[in-house]
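**Q** Sequence unavailable; structure follows:
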């Protein structure tokens, strides 16, 4: 009995030690330092750019006795540092969008050419949505060595209500002080805020089709009906034209997810697309009202005309207007495929056909996809692997 009791006590002790070790292994240290992103949030951090040729670095406001210098931390063509002379001198950055509660770290290289050290202070000016500084956070004065570059670091945390940050750098003494290689980083992964301190954004996206899309390949009660498809194709064209008028009036840019024939101005030369496929999965078993497409090539209803002779079927003539208004065009697949039913090779061929039509229309390759028939929920790993290999993000 005693041996059994001792054994149970020893086992309980081992389990307690194992639990304590696991807790220490996986718990987050209470005072773990923040991890900063590598990207630099500052404009022209090396003071090299001067696009307007005014002799002052772009992206910086220079105070009294602040000027360019060719004395840089490392030799480089057209390299510059910034020289601040006198305690009234300063340099101020452009505003940077920030997130409340996030920590920000400024690092830079500094030296003075005097025989004795100087000092530098960084001031974090936190701005609200009105672009007004409402919190001023002054860092400790840090020593800048004589005739030797030293890396200095300053840090600050964005207070509640902060949406912007402007940096102010100023020397303590009258001896010239040089700054170079400034770098401002955000703690963790940088989630880029909306421009101009906006609090939210609204995305306008449209599925842009012609009759050669979900209309002729309809899965609704009317089934295969060319006359109805053409009628609705004309209505879609009128809808696109009306949308363009509204977007132009209000200066709105949208993303148009185009099926393949929306990129074509016609097909009078009778080109064959995607190898003239017949998709046997487009059947009653998968939601179509009949088995017409099981035995019929997918593009068999192409009228082989132009946007002028058959405006319901081709919409490429609208592309110049879209592009002139800054609209974005992305993929709705070329043939308006029900993507989860398509084989990897069918999908790959279709995506290549879309990119080919886009290239002929002066568009870049697609990077995003709107699934026809809203069928993304049925897509598996194989589908997303094909999309990733095709360059979709």
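**A** Thanks, I have it. This structure is a prediction, so every number in the text was calculated from the model and none was measured.

**Q** List the residue ranges of this protein that fall below the pLDDT cut-off.
**A** 1-38, 73-78, 197 (pLDDT under 70).

**Q** in it, which spans are helices?
**A** Using DSSP state H, the helices assigned to the chain run over residues 2-26, 226-250, 319-324, 344-360, 381-389.

**Q** distance between the second one and the chain's centre?
**A** It stands for helix 226-250. How far helix 226-250 lies from its chain's middle: 30 Å, per C-alpha atoms, centre = their mean, to the nearest Å.

**Q** got the contact list for it?
**A** 204, 206, 208-212, 215-216, 218, 222, 252-254, 301, 311-313, 315, 318, 321-322, 325, 327 (C-beta atoms under 8 Å, 6 or more residues apart in numbering). Every C-beta, even on glycine, is put in place using the N, C-alpha and C of the backbone.

**Q** Check the gap between residue 265 and residue 366 for me.
**A** Between residue 265 and residue 366 the distance is 19 Å, computed by C-beta to C-beta, to the nearest Å.

**Q** Name the residue in the two with the higher neighbour count.
**A** Neighbours were counted for residue 265 and for residue 366 using other C-beta atoms under 10 Å; residue 366 has more, 23 against 16.

**Q** quick one, what contacts that one?
**A** Neighbour list for residue 366: 330-331, 351, 354-355, 358, 390-392 [criterion: C-beta under 8 Å, 6+ apart].

**Q** who's in contact with residue 254?
**A** 203-206, 243, 247, 327-328.

**Q** Among those residues, name the buried ones.
**A** Buried subset of those (neighbour count, 16 or more other C-beta atoms under 10 Å): 206, 243, 247, 327-328.

**Q** Run a quick neighbour tally on residue 84.
**A** 28.

**Q** quick one: it and residue 64 touch, right?
**A** No - using C-beta atoms under 8 Å, residue 84 is not in contact with residue 64, being 9.3 Å away.

**Q** Need the overlap of contacts for those two.
**A** Taking C-beta under 8 Å, 6+ apart as the contact rule, residue 84 and residue 64 both touch residue 90.

**Q** burial of the residue nearest to residue 210 when sequence neighbours are not counted, as a residue count?
**A** By the measure of C-beta to C-beta, 6 or more residues apart in numbering, the closest residue to residue 210 outside its immediate chain neighbours is residue 261, 4.6 Å from it. Residue 261 has 29 neighbours, counted by other C-beta under 10 Å.

**Q** can you tell me which residues contact residue 261?
**A** Shown in contact with residue 261 (C-beta under 8 Å, 6+ apart): 209-213, 313-315.

**Q** Per the annotation, how does this structure divide into domains?
**A** Following automatic domain parsing, the chain resolves into domains at 60-197, 205-389.

**Q** As CSV, those domains with distance to residue 50 would be great.
**A** CSV is the format used below for the domains of the chain (distance: least, C-beta to C-beta, whole Å):
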stretch, distance to residue 50
domain 60-197, 8
domain 205-389, 29
